[in-house]
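> Fold the stuff below for me.
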Amino acid sequence: MTTITVCTTCRTAEERGDRTLPPSGEAFLAALEAASGDGIAVRGTACLMGCEHGCNVAISAHGKLTYVLGHFSGSAEDASAVSAFAAGHAESGTGQVPFRQWPQGVKGHFVARVPPLD
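Next comes the predicted model:
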């Protein structure tokens, strides 16, 4: 099963300096939970250590490539694009999603692609 892991402590670049605001990662987690369909798990974690790239997510599954994406505002549109990419990841045997199938909303947001461990 493909899992979207959301950094719940992430803050957008505009919010990073104001610690009185709640982390935007919490709202992004809720938006992703609402946008993701069957076959996609969504979970939060306290930190993905990509503070300069917030808001961050990782898309992974056992035996498949893992993608780390960032620079999201956490909007419903961002959540929809990430969820659509995750659906393509779930459908792929390797996790690789052909570029022509990438939703426009994820283009330019890739931070890393990590090979599977097994």
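
> How about the contacts made by the spatially most central residue of the chain?
Residue closest to the average C-alpha location in the chain (CA atoms, centre = their mean): Val57, at 2.8 Å. For Val57, the contact set (CB atoms under 8 Å, 6 or more residues apart in numbering) comprises 4-7, 28, 32, 48, 68-70, 72, 82. Quick note: C-beta positions are derived from backbone N, CA and C, even for glycine.

> so what secondary structure elements neighbour the biggest helix by length in the chain?
As assigned by DSSP state H, the longest helix anywhere in the chain is helix 76-91. Other helices and strands packing on helix 76-91, by 3 or more CB pairs under 8 Å, 6 or more residues apart in numbering; DSSP states H and E, are strand 2-7, helix 24-35, strand 40-45, strand 57-60, strand 66-69.

> Can you list the buried residues in the third one?
Neighbour counts over strand 40-45 (16 or more other CB atoms under 10 Å) mark 40, 42, 44 as buried.

> Could you save those as CSV and add columns showing pLDDT and distance to Phe110?
Below are the buried residues of strand 40-45 laid out as CSV (pLDDT from 0 to 100; distance: CB to CB, whole Å):
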residue, pLDDT, distance to Phe110
Ile40, 98, 18
Val42, 98, 19
Gly44, 98, 21
